[in-house]
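Enquirer: prediction below, plus the sequence it came from.
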Amino acid sequence: MIESAPHQQTDSDGFMVDASAPLSIVSLTRSEERRIFWSLLLLVWITASLTYGPFLFSSGVTISKLITFPSTVAIGMVTNSLMRLVYMHLRQRTFVVKYATILVMAIIGASLEAVFSIAVYEHFSKAMNWTQRFSWLASSAISETWFLLGWAALYISFVENLLIRKQQEALASAAQLAHTAQIKMLRYQLNPHFLFNTLNSLSSLIVHKQGEEAESMLMRLSRFLRYSLDSEPTQLVSLEEEIGAQKHYLAIEKARFGDKLDVVFDIEDDLADALVPSLLIQPLVENAIKHAFAPSLEGGTITIRASSAEGMLHMQVEDTGPGVEDPHALLDEKNPGVGVRNTYERIKVLYGEKGQFSIVNKEEGGLRISIAFPLRRKV
């Protein structure tokens, strides 16, 4: 769940993905999955009962039939319920493991139905020899196995189809949000004031014959703009690349603010290959510059942190500025600034209930924005 206050959620997956794959983590809610399950379970078994029941009793009503018919239906429904639980539990496992387990469960359930039917028939009607028992067991188990597998195929197809549709919707929405974030960042980069201040700083360095410093700033500007233009909004980049882009950006801004702006990067060493949506924290850093340091005469510090815990990647952008009167107002659609809200919306769309977002004023002064999402690493 995405909230504007901190809350605790864990995910122990920490799985590996291909960095070239679009990012979209979607899942069915319990109510959606239960609706599919109960609808198919009741529809299939009621239809089967109404179809097979009249045929079964057309040759006469006996005690064994009255016991066997509802009992086999109950065993079949219980088997389907167990197959559903196993499928949801093994959904991320390999094809062989997942469907072999379902096949075995179907065979066991069908065999139990057949054995129960034989036992009831022999108890209330007449005994059979081993050949008759085996013939009944084989024919009944085979037909019932196919029936149980047919139900499982229907259930899986409905679940996977809904997941695909949700993924397509999430990807479309995420692409639009990411594209908006990229356009906003580029607009800020190409803003005349931004370029004027950067070029003015370069000019000053050249006038004072600080050629190495001027060349370094020009290279940082070039790299930052190239990263911005080359980054595909819907793709993943390594945390090392994302932090590198922020270092170029902040080095350029430091030319404006000089000693007023201090930057601290607190990044865990083993997270260089962690994957993040491109340009995700850029609006947060931009917000810190705009609201914390531009109005201030004293300056301060921006701290960017990244750490991992229990399968989650945690990132923070905080400053030592004056803070804001109402942090939650930054997420309001009526707020003219869209940067922080855009990051919030991207986290919500891309990660759903597994994503976390919080924004608070620090007790010692300044603003802290925290985000967290499942940890993935570059293959």
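Expert: Looks like it came in fine.
Enquirer: neighbours around Val349, how many?
Expert: Number of residues near Val349 (other Cβ atoms under 10 Å) recorded here: 22. C-beta: built from backbone N, CA, C; applies to glycine.
Enquirer: does it count as helix, strand or coil?
Expert: Put simply, Val349 is helix when judged by DSSP: H, G, I helix; E, B strand; the rest coil.
Enquirer: can you pull the contacts of it?
Expert: Val349 makes contact with 170, 173-174, 177 under the criterion Cβ atoms under 8 Å, 6 or more residues apart in numbering.
Enquirer: before we move on, what's the pLDDT of it?
Expert: Val349 carries a pLDDT value of 77.
Enquirer: for Leu148, pull up the helix or strand it's in.
Expert: helix 130-189 (DSSP states H and E).
Enquirer: so which elements touch that helix?
Expert: With contacts taken as 3 or more Cβ pairs under 8 Å, 6 or more residues apart in numbering; DSSP states H and E, helix 130-189 sits against helix 30-57, helix 63-90, helix 95-124, helix 211-230, helix 282-288, helix 339-351.
Enquirer: poorly predicted segments of the stretch 51-200 of the chain, please.
Expert: For the stretch 51-200 of the chain, applying pLDDT under 70 flags the ranges 179-198.
Enquirer: how about a cut-off of 80?
Expert: Within the stretch 51-200 of the chain, the stretches with pLDDT under 80 are 53, 55-62, 64-65, 91-92, 121-128, 130, 132-133, 136, 170, 172-200.
Enquirer: relative to helix 211-230, how tilted is the helix holding Leu148?
Expert: Here helix 130-189 points in a direction 140 degrees away from that of helix 211-230 (axes from the mean of the first three to the mean of the last three Cα atoms, to 10 degrees).
Enquirer: so Met128 sits in a strand?
Expert: No. Per three-state DSSP, Met128 lies outside any strand segment and is coil.
Enquirer: which ones are touching it?
Expert: Applying Cβ under 8 Å, 6+ apart, the residues contacting Met128 are 118, 121-122, 136.
Enquirer: please repeat the previous calculation with a cut-off of 10 Å.
Expert: 118, 121-122, 134-136 (Cβ atoms under 10 Å, 6 or more residues apart in numbering).
Enquirer: from Glu144, how far out is it?
Expert: Counting by Cβ to Cβ, to the nearest Å, the gap from Met128 to Glu144 is 19 Å.
Enquirer: look at Glu298 and give its secondary structure.
Expert: Quick answer, by three-state DSSP: Glu298 is coil.
Enquirer: tell me how many other residues surround the closest residue to it other than its chain neighbours.
Expert: Closest residue to Glu298 apart from its sequence neighbours, by Cβ to Cβ, 6 or more residues apart in numbering: Lys260 at 7.3 Å. Applying other Cβ under 10 Å, we find 15 residues neighbouring Lys260.
Enquirer: Lys260 against Thr320, yeah?
Expert: No. Lys260 lies out of contact with Thr320 (Cβ atoms under 10 Å); the separation is 11.1 Å.
Enquirer: follow-up on the earlier one: just the buried ones among the contacts of Met128, please.
Expert: 118, 121, 136 (16 or more other Cβ atoms under 10 Å).
Enquirer: pretty sure the first one is touching Ser140, no?
Expert: Yes. Between Ile118 and Ser140 a contact is recorded at 8.1 Å, counting by Cβ under 10 Å.
Enquirer: find residues that contact each of the two.
Expert: Joint contacts of Ile118 and Ser140 (Cβ under 10 Å, 6+ apart) do not exist.
Enquirer: ok, back up a step: distance-wise, check the residue nearest to Glu298 relative to Leu85.
Expert: The value you get for Lys260 to Leu85, if Cβ to Cβ is used, is 60 Å.
Enquirer: quick revisit: neighbour count and distance to Leu66 added to the contacts of Val349, as a markdown table?
Expert: Converted to a markdown table, the contacts of Val349 look like this (neighbours: other Cβ atoms under 10 Å; distance: Cβ to Cβ, whole Å):
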| residue | neighbour count | distance to Leu66 |
| --- | --- | --- |
| Ala170 | 19 | 51 |
| Ser173 | 16 | 55 |
| Ala174 | 22 | 57 |
| Leu177 | 23 | 60 |
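Enquirer: Lys362 versus the closest residue to Gln356 other than its chain neighbours, what's the distance?
Expert: In space, Gln356 comes closest to Ala372 once its chain neighbours are excluded; the distance is 4.0 Å by Cβ to Cβ, 6+ apart. Between Ala372 and Lys362 the computed distance is 18 Å (Cβ to Cβ).
Enquirer: tell me which element Gly60 is part of?
Expert: Here Gly60 is assigned to no helix or strand, by DSSP H and E.
Enquirer: distance of it relative to Ile289?
Expert: Taken as Cβ to Cβ, the span from Gly60 to Ile289 is 86 Å.
Enquirer: these two - which one has more neighbours?
Expert: Using other Cβ under 10 Å as the criterion, Gly60 and Ile289 rank with Ile289 on top: 19 against 7.
Enquirer: for Val340, see how far away the more buried one is.
Expert: 13 Å.
Enquirer: next: Val44.
Expert: 49 Å.
Enquirer: settle it for me: which of these two has more neighbours?
Expert: Taking neighbours as other Cβ under 10 Å, Val44 and Val340 compare with Val340 leading, 24 against 18.
Enquirer: where does pLDDT dip in the stretch 251-379 of the chain?
Expert: In the stretch 251-379 of the chain, residues with pLDDT under 80: 252, 255-259, 279, 290-299, 324-339, 342, 349-350, 379.
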